[in-house]
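Chemist: how would this look folded up:
(one chain, ligands or ions: 1)
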Amino acid sequence: MKIAVYPGSFDPLTNGHIEIIKRSLSVFDKLIVVVASNPLKKHAFTIEERLEMLREATKNIPNIEVDFTEGLTVKYARTHGAVALVRGLRAVTDFEFEFQMAAANEFIDNGIEMVFLMSRAESGFISSSTVKELYKNGVDITPLVPESVVRVWRNKK
Ligand code: COA
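Modeler: From the prediction side, this is the model:
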């Protein structure tokens, strides 16, 4: 069984992430979606909120598990029997960050492959920051994120 890990901040989860999740499952037998921390970002949602959004949004997708790590994602992949880390690429601007992260991951453990899926054109403009900006300014974000994100957001104190 080929297992992959899809790590991300998911702050919050967007339909762009969901698209990558679904397409990863046409390549791998099982996907573990792992909430991790990006030290470059100040996260708006707690790990629990991000896990809740992900668990609810993926509950009807088979062969998926949702988890979190406070450590290195490549180490998480190794200890959970995964062969690859999956990441989505939207534009050339994503490339530099992903290239550096891939190099660091390879330095840590070169037995875990990095697999990049190109976002579909219609998801290309969606980002967690854009969604947060739109929400703050009262724009309807329901076409851009799963229902669970809207629900957790509305209940957020
Ligand atoms: N469609 C739409 N948007 C997408 C997307 C897609 N397919 N894929 C990514 N994005 C967007 C997200 O919305 C997000 O937008 P933002 O920059 O406005 O917040 C951005 O692209 C990337 O976010 P995401 O994929 O959720 O997470 P990230 O890039 O912040 O995650 C980690 C980085 C957590 C994976 C990385 O920091 C990490 O692995 N941390 C743990 C420590 C570690 O192992 N470090 C590596 C070795 S040093």
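Chemist: Let me know the helix or strand that the residue in the chain that the ligand sits nearest to is in.
Modeler: Among the residues of the chain, Gly16 lies nearest to the ligand; the distance is 2.0 Å by Cβ to the nearest ligand atom. (C-beta placed from N, C-alpha, C; glycine too.) For Gly16, the element it lies in under DSSP states H and E is helix 15-24.
Chemist: Give me the longest helix you can find in this structure.
Modeler: When every helix of the chain is counted residue by residue (DSSP state H), the longest turns out to be helix 92-108.
Chemist: what comes up buried for that helix?
Modeler: Counting neighbours by 16 or more other Cβ atoms under 10 Å, one finds that the buried residues in helix 92-108 are Asp94, Met101, Ala102, Asn105.
Chemist: Report the contact partners of the nearest residue to the residue of the chain closest to the ligand once chain neighbours are set aside.
Modeler: Here the nearest residue to Gly16 in space, its sequence neighbours aside, is Ser123; by Cβ to Cβ, 6 or more residues apart in numbering that works out to 3.9 Å. Applying Cβ atoms under 8 Å, 6 or more residues apart in numbering to Ser123 gives the contacts Thr14, Asn15, Gly16, Glu19, Arg90.
Chemist: returning to that earlier point: mind giving me TSV with the buried residues of helix 92-108 and columns for distance to the ligand?
Modeler: Below are those laid out as TSV (distance: Cβ to the nearest ligand atom, whole Å):
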residue	distance to the ligand
Asp94	7
Met101	5
Ala102	9
Asn105	6
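Chemist: May I see these arranged in JSON lines, with pLDDT as well?
Modeler: JSON lines is the format used below for the buried residues of helix 92-108 (pLDDT from 0 to 100):
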{"residue": "Asp94", "pLDDT": "85"}
{"residue": "Met101", "pLDDT": "95"}
{"residue": "Ala102", "pLDDT": "96"}
{"residue": "Asn105", "pLDDT": "97"}
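Chemist: before we move on, back to that, among the contacts of Ser123, who's most crowded?
Modeler: The most neighbours of any of the contacts of Ser123, using other Cβ atoms under 10 Å, belong to Gly16, which has 23 neighbours.
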